[in-house]
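Colleague: Sequence first, predicted model second:
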Amino acid sequence: MPILARASPGRALRPFVCQSCQQSLRRQQRQFSVSSSRATTTTPHPSPPTPPPSGYAHLTSRRLISVAGPDAPKFLHGIITQSVIDEPATSGGRHRHNAPPRIEATMANAPGFYAGFLNATGRVLHDIFVYRDTLGLYGTVTAGDNEAFIVEVDATQVDTLARHIKRYKLRSKLQFWVLEEGECAAWQVWDDSLSSSLPPPSTPHQQLQRLLLEKAPSRLSQLKDSIILPDTRAPGLGYRVIRRGEGGLDLDLNRADDAAYRVRRYLHGVAEGQAEISREQALPLESNMDVEGGIDFRKGCYVGQELTIRTKHRGVVRKRILPCLLYPTSSSPPPPQSLEYRPSISEGDESQALSAQDIPSNLSIGRYGAKGRSAGTWLTGLGNVGLALCRLQIMTDVELPGETAAGASYDPSKDEFVVKWGAEEQSESGAQSAKIKAFVPDWLRERLRENDASSPAH
C-alpha cells in the first residue's frame, strides 16, 4: 500500500486523485479548451444564394460502387433494408415474421430505390440509393439481367462501405469496386413548376415512381448514357440521375452546385449522409427512412432487422429529424412562422453574419430562458436553415399515439428553443447562441398519419 506524504503544517491536505483519473481530467480539459477556442474564434462561412426553382446539380458529396455477379441480388437483399428480390409467401399464405401478404408490388421490381445499411443493433451505417445497372458499368464481369447494381453512398464513407461489403461477401459469386469520379457521377434535377401536378404524399413509393417517370420532362428522358430515378423521399425533390462519363447534363435549366441541393433538402426536411444521419448512432425510423420509403417491413431477415421491426410494431417514435430555422436570440416573440432560406441567421454586415455552418454539430437544444431536459440535437445546416433530431412532443404539435405529454403542451406562439456553444454549460461568458424553431413538413405530417393508421399497435 503506498504511503502518502504528510501535509505540511498550516497547509490544507489536498484530496488524493489516482494517476489514471488525473490523465482523464487533463484530456477532458484539453478537449474543452480546443473546442472552446475554436468556437469563439470561428471565421464566418459564406453561404450559397437562394437555390433556383428549377435546376440541376452535380452531387460531389456522393460516390458510386458497382456490385455485379450472379449472387449480387441475393447478397444485397440480405444486408440492406429494402427488397432487391421478391420473396415467396410461406405455406400458410403469409410472409416471414407474421407479416400480412403483400398487397402491392415491392421495390424489388423498381429501376432503383432508397435504402440503408444497418449494423447488428439496428443503427444506420450508410444511407444509400441502389440502381439497376443498365449502363454496363460492370464491364467484363459475368452478370445476367438484373444481376448488376450501382450503390450510391456518402462520398466520405465510400471506402468504409466497400470494406463492409467485403466483410459480408464471403463466397458469394459477385465482384464490387469503387467507381472513379470521372467514370460515373450522381446528379439531382428539380423543377418546382411540376409541384402542382404531384400525387398525394401518401401514394406508395413504387406507384409514385411510375407516376413521376411519366411526368418527367422530355429533356430529362432524352438524356443518353444515364439512369433516371424519381427521388420519392419527399415530394418536390425531383429526380436522381446517374450519368456516365465526365460531361455535364445537357439540360435547359439553371446549373447549381451541391450546396444549393443541400439547401433544398433542408427545406424539405430530408437528411442524407453520415454528417446528418450519424453512423452507428442514428436509428432508421428517427431518421425518417420509414416514411421516405427506405424500409420494407414485409421482407425477410437482414442485418439490423430485429430492432427496426420491433420499433415499428411498438408504434411510437418520439424523435424525428426535422427541418429547422435559426434566428437571432435578440428577437422577441412570436417566433418565425414560415421556413424561408436566407444566407445568414441575421441581417447586417456579411463579414460578421453568423451562418448555420458556424454552429458545431451534435449540440443539445434547450428551452429558451428555462432549464429542463434536452429538446433535441442540432445536426447541421447552411445559412439560416438546417436539420435537427427533435423530440416531437416538446418541439412540435405532433401527437404520438398512446402518449401523453410530460409537461405543458407545445405552444407555437410562445415556446422558443436555443442552441449554445463556445462556453461551459454553467457559464454564459463567451458563449454564442441562436434560437431554433422546428417545422413539420406537410408531406411528413401526412405520412405519419398514414403510419399511425396502419400501425400494428392500432
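Modeller: Arrived safely.
Colleague: what are the ranges of the helices in the stretch 301-450 of the chain?
Modeller: 305-314, 392-395, 442-454 (DSSP state H, counting those that start in this stretch).
Colleague: do the same with the stretch 51-200 of the chain
Modeller: 72-77, 158-169.
Colleague: what about the strands in the stretch 201-350 of the chain?
Modeller: Secondary structure of the stretch 201-350 of the chain (DSSP state E, counting those that start in this stretch): strands at 226-230, 239-244, 254-256, 319-327.
Colleague: Can you say which of the ones you listed is packed in most?
Modeller: strand 319-327 (a mean of 24; mean count of other C-beta atoms under 10 Å). In this view, the C-beta of every residue, glycine as well, is placed from N, C-alpha and C.
Colleague: Please name the strands paired to it in the sheet, noting orientation.
Modeller: Strand 319-327 sits in its sheet next to strand 385-391 (antiparallel), strand 432-438 (antiparallel), going by DSSP bridges.
Colleague: ok, of these, where does mean pLDDT dip lowest?
Modeller: Ranked by mean pLDDT, the strands paired with strand 319-327 bottom out at strand 432-438, with a mean of 94.
Colleague: what sits up against that one?
Modeller: For strand 432-438, the external contacting residues (C-beta atoms under 8 Å, 6 or more residues apart in numbering) are 39-40, 322-329, 331, 335-336, 345, 354, 359, 365, 368, 376, 378, 388, 390, 395-396, 416-422.
Colleague: Need the buried ones from those residues selected in PyMOL.
Modeller: Entered in PyMOL, the line below selects the buried ones among the contacts of strand 432-438, by 16 or more other C-beta atoms under 10 Å:
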select buried, resi 39+322+323+324+325+326+327+329+335+345+354+359+365+368+376+378+388+390+395+396+416+417+418+419+420+421+422
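Colleague: can you tell which of the helices of the stretch 301-450 of the chain is closest to residue 287?
Modeller: helix 305-314 (11.3 Å; C-beta to C-beta).
Colleague: Any buried residues in the closest one, and which?
Modeller: Result for helix 305-314 [16+ other C-beta under 10 Å]: buried residues 305, 307-309, 311-312.
Colleague: chain center to stretch 434-441: distance?
Modeller: 17 Å (C-alpha atoms, centre = their mean, to the nearest Å).
Colleague: Relative to residue 271, tell me which of the helices of the stretch 301-450 of the chain wins on proximity.
Modeller: helix 442-454 (11.8 Å).
Colleague: okay, the closest one in PDB with CA atoms only?
Modeller: In PDB, the C-alpha atoms belonging to helix 442-454 read as follows (Å, rounded to 0.1, in the frame of the first residue of the first chain):
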ATOM      1  CA  ASP A 442     -46.900  18.700 -44.800                       C
ATOM      2  CA  TRP A 443     -45.600  15.600 -46.500                       C
ATOM      3  CA  LEU A 444     -44.100  14.200 -43.300                       C
ATOM      4  CA  ARG A 445     -47.300  15.000 -41.300                       C
ATOM      5  CA  GLU A 446     -49.400  13.200 -43.800                       C
ATOM      6  CA  ARG A 447     -47.200  10.100 -44.000                       C
ATOM      7  CA  LEU A 448     -47.000  10.000 -40.200                       C
ATOM      8  CA  ARG A 449     -50.800   9.900 -40.100                       C
ATOM      9  CA  GLU A 450     -50.800   7.100 -42.600                       C
ATOM     10  CA  ASN A 451     -48.200   5.200 -40.400                       C
ATOM     11  CA  ASP A 452     -50.300   5.700 -37.300                       C
ATOM     12  CA  ALA A 453     -53.500   4.400 -39.100                       C
ATOM     13  CA  SER A 454     -51.700   1.300 -40.300                       C
END
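Colleague: going forward can the numbers begin at 185, since that is how I track them
Modeller: Okay, residue one is now 185; in that scheme the one you just asked about reads as helix 626-638.
Colleague: Residues touching that helix, excluding its own?
Modeller: 384-386, 418-419, 452-453, 472, 474-475, 499, 504, 506, 582, 585, 642.
Colleague: Is it possible to mark the buried ones in these?
Modeller: Listed as buried from the contacts of helix 626-638 are 385, 418-419, 452-453, 472, 474-475, 499, 504, 506, 582; burial here means 16+ other C-beta under 10 Å.
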